[in-house]
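Student: Task: produce atomic coordinates for the following.
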Amino acid sequence: MEIISTKEEMIFRNEYEGKVSYKIGLSKKNKEGQFDKGYIPVRFKQGVELNNQTRILIKEAWLSFNTHDKKTYPYIFINDFNIIDKGEKNPYEDMKTKVESDIGEQIRITDEDLPF
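Tutor: Modelled structure (predicted):
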């Protein structure tokens, strides 16, 4: 399963007993209109180190897993990404929100207009 993100994602760093682990933050709206939050472990190429709450744009990633004692432990392996600085704009945002029509005028498309 290939994963490419068109919006920025937040990576959380955790250090425990000299080892570093990372998780990606997820959220979705529930029936009451509140947001449920969840986390999935992520891994990077050897040598990649990120600060806690680093915002990234995933360019190439996939779902993988480890097994231990007949249990499956899934994680996302992030192979390629861009770090989004606080002042930097997401390059996919313009593609998502602005579309030029055939006659050259601009129309705005919001998230509510999209079928997904």
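
Student: For this protein, just list every one of the helices.
Tutor: Along the chain, the segments classed as helices by DSSP state H run 91-97.

Student: right, and I24 touches I11 too?
Tutor: Yes: with contact defined as Cβ atoms under 8 Å, I24 reaches I11; the gap is 5.9 Å. Glycine gets a C-beta too; all of them are placed from N, C-alpha and C.

Student: Overlap in contacts, those two.
Tutor: Counting by Cβ atoms under 8 Å, 6 or more residues apart in numbering, the common neighbours of I24 and I11 are V42.

Student: Can you give the distance from the longest strand seen in the chain to the centre of its chain?
Tutor: If you go by DSSP state E, the chain has its longest strand at strand 54-68. Its chain's C-alpha centre and that of strand 54-68 lie 9 Å apart, by Cα atoms, centre = their mean, to the nearest Å.

Student: mind listing what's buried in that strand?
Tutor: Residues 54-58, 61 are the ones in strand 54-68 that count as buried (16 or more other Cβ atoms under 10 Å).

Student: list the helices and strands it packs on?
Tutor: Where contact means 3 or more Cβ pairs under 8 Å, 6 or more residues apart in numbering; DSSP states H and E, strand 54-68 is packed against strand 2-3, strand 9-16, strand 71-83.

Student: Please name every helix or strand in contact with the second one.
Tutor: What that stands for is strand 9-16. Strand 9-16 packs on strand 19-29, strand 54-68, going by 3+ Cβ pairs under 8 Å, 6+ apart.
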